[in-house]
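Q: Okay, structure incoming, though there's no sequence with it:
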C-alpha cells in the first residue's frame with residue numbers, strides 16, 4: 001500500500017523551530033520529486049518547498065526562504081522540512097507530496113503546525 005505519513009507538527013512559540021518528517025511506504029522515494037505544501041484555515045493549499053529527484057535542486061517560496069529547509073534521506077525513504085524562526089502566519093496543516101513525470105502523485109494526510117504564544 002502506497003502511503004505518505006507526516007509527523008512532527010505541534011504547538012510552538014514564535015521564533016521557535018520544528019522539524020517535520022514524511023515517511024514513505026509502498027514505493028521508493030528516490031525516483032520521485034518531493035515537496036511540502038501547507039493550507040491555512042480559509043486559504044488555498046500553497047507550495048512551500050520542493051526538491052528534484054534528479055539533481056537535488058531545490059525551490060522554496062519567498063515567504064519561507066532562509067527559514068525553511070527541505071531535505072531527503074533516500075536510505076530512510078523519508079523527506080524532512082526544517083522550519084526555523086517560525087511566525088504565527090506559518091500556522092497551517094502541512095502536507096508532503098511525492099510525484100514523478102509519469103503521473104504518479106501521492107499526498108500525506110497532513111500534520112498541524114500552530115505557532116502561538
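A: Received the coordinates, thanks. Computed from a prediction, not measured in an experiment: that's the story for all the values here. Numbers count the residues shown, from 1 in each chain.

Q: What is the burial count for residue 57?
A: Using other C-beta atoms under 10 Å, residue 57 has 10 other residues around it. (C-beta placed from N, C-alpha, C; glycine too.)

Q: Surely it and residue 49 touch.
A: No - at 11.5 Å, residue 57 and residue 49 do not qualify as touching, with contact defined as C-beta atoms under 8 Å.

Q: Show me what counts as buried in stretch 66-78.
A: Of the residues in stretch 66-78, 68, 69, 70, 72, 77, 78 count as buried by neighbour count, 16 or more other C-beta atoms under 10 Å.

Q: ok now that stretch, how far from the chain's centre?
A: When distances are taken as C-alpha atoms, centre = their mean, to the nearest Å, stretch 66-78 is centred 9 Å away from the chain's centroid.

Q: pretty sure residue 70 belongs to a strand, no?
A: Yes - the assignment for residue 70 is a strand, going by DSSP: H, G, I helix; E, B strand; the rest coil.

Q: Could I get the contacting residues of the residue nearest the centre of the chain?
A: In the chain, the centroid-proximal residue (C-alpha atoms, centre = their mean) is residue 36; its distance is 2.9 Å. Residues near residue 36 by C-beta atoms under 8 Å, 6 or more residues apart in numbering: 20, 22, 47-50, 68, 70, 79, 81, 94-97.

Q: Show me which of those are buried.
A: With burial judged by 16+ other C-beta under 10 Å, the buried subset of the contacts of residue 36 is 20, 22, 48-50, 68, 70, 79, 81, 94-97.
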